[in-house]
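Engineer: I'd like to go over a predicted model; first the sequence, then the structure.
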Amino acid sequence: MRLEKCWFCSSTIYPGHGIQFVRNDATIFRFCRSKCHKNFKMKRNPRKVKWTKAYRRLHGKDMTKDLTFEFERKRNRPERYDRNTTEETLKAIKKISKIRVEREAAHHKDRMKGKKSKDYKEAKKEIEQNSGLLGVKVSEPLSKVKVPVSQSQKDQIHAMEE
Amino acid sequence: MGTILKVVDNSGAKLVACIQAVKGKKGARLGDTIIASVKEAQPRGKVKKGDVVRGVVVRAAMQRGRCDGSEIRFDDNAVVLVNKEGEPIGTRVFGPVPHELRKKKHVKILTLAEHIA
């Protein structure tokens, strides 16, 4: 049993799934589902289709270089069954996938670093440019306004928190 | 039926037209044997134009389910000519052929094939 990768979206193809297309020069194209097969028939380039792994890798959306990817490899010689090794491998798989998820999250966080300030800047610019639509004059940049809160309200909030 | 298939061996025929499937009335699919008439042939080949021959469909553009539930599809429709006993007439087979031929007991075609998909 071998888990192949989809030619179009690079997802894993489990046995019994998908379709393979054999070109006359004997190259095999494997597809995980009809969606990928149809896209191939439309002659689309997976590097230009946004939902594929190839696109995400190319545009720095996903983590590309990581030690956790090194464990997944094509092995042409079947391993001899050993109870201890299998047990340890199964343990390691869980551990590695956990580490990978963490690193992917960190990568995403790193990627989204400047997002908030960028969004804020764009919103501010929009307001300034289209201030006529609002009906009010936005002469000075928006700043935080202090709202007076009475003592009783403050107590209420405090109570709610508790 | 009526399908024009490419002949991918050195029997001398180039194109054949399917007359009927050997088993079943619904036509043939990948791995099935057909009866065909030779439409185009090379001069001085083992078969000549107008001959009625048998052939095994080794490539089909229509997908066919595999034993594990996945499917396989090829670029074109191709056939290898065989005699009534199922032995190939030619001595070479060109292009990829599916491993399902083993199940159909066409081991000779598989051994002659360049690529097995």
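Structural biologist: Okay, I see it.

Engineer: isn't residue B:80 up against residue B:92?
Structural biologist: No: here residue B:80 does not reach residue B:92: they are 9.7 Å apart, not a contact under CB atoms under 8 Å. Using the backbone N, CA and C atoms, a C-beta is placed for each residue, glycine as well.

Engineer: please report the distance of the residue most central in space within chain B from chain A.
Structural biologist: For chain B, the residue whose C-alpha lies nearest the mean C-alpha position (CA atoms, centre = their mean) is residue B:79; its distance is 2.3 Å. From residue B:79 across to chain A, the span is 14 Å (CB to the nearest CB, to the nearest Å).

Engineer: for that residue, what is the enclosing helix or strand?
Structural biologist: strand B:78-82 (DSSP states H and E).

Engineer: okay, helices next: where are they in the chain?
Structural biologist: Because you didn't say which chain, this covers chain A. Assigned by DSSP state H, the helices in chain A fall at A:34-41, A:53-58, A:83-111, A:115-129, A:131-134, A:151-161.

Engineer: chain B, not that one
Structural biologist: Counting by DSSP H, the helices of chain B are B:107-112.

Engineer: just give me the neighbour total for residue B:80.
Structural biologist: Neighbour count of residue B:80, defined by other CB atoms under 10 Å in any protein chain shown: 28.

Engineer: what pairs with it across the strands?
Structural biologist: Assessed by DSSP bridges, residue B:80 has beta-bridge partners residue B:56.

Engineer: residue contacts, residue B:42?
Structural biologist: B:12-14 (CB atoms under 8 Å, 6 or more residues apart in numbering or on different chains).

Engineer: confidence score at residue A:139?
Structural biologist: Per-residue pLDDT puts residue A:139 at 61.

Engineer: pLDDT-wise, which helix or strand of chain A ranks last?
Structural biologist: Every helix and strand in chain A was compared by mean pLDDT, DSSP states H and E; the lowest is helix A:151-161, with a mean of 67.

Engineer: now the residue nearest the centre of chain A: how far from residue A:95?
Structural biologist: The centre of chain A sits closest to residue A:62, judged by CA atoms, centre = their mean, with a distance of 6.1 Å. According to CB to CB, to the nearest Å, residue A:62 stands 21 Å off from residue A:95.

Engineer: and residue 104, what does it touch?
Structural biologist: You didn't say which chain, so I picked chain A. Taking CB under 8 Å, 6+ apart as the test, what residue A:104 contacts is A:62-63.

Engineer: wait, I meant chain B there
Structural biologist: Per CB under 8 Å, 6+ apart, neighbours of residue B:104: B:31-32, B:56.

Engineer: neighbour-wise, which one of these leads?
Structural biologist: residue B:56 (24 neighbours).

Engineer: contacts only, for it.
Structural biologist: B:31-34, B:79-80, B:82, B:86, B:101, B:104, B:106, B:109.

Engineer: how about a cut-off of 10 Å?
Structural biologist: B:22, B:28, B:30-34, B:78-82, B:86, B:88, B:93, B:97, B:101, B:104, B:106, B:109 (CB atoms under 10 Å, 6 or more residues apart in numbering or on different chains).

Engineer: and if you look at residue B:22?
Structural biologist: B:28, B:32-35, B:54-56, B:84.

Engineer: what's the answer for residue B:27, then?
Structural biologist: B:1-3, B:18, B:20-21, B:34, B:57, B:62.
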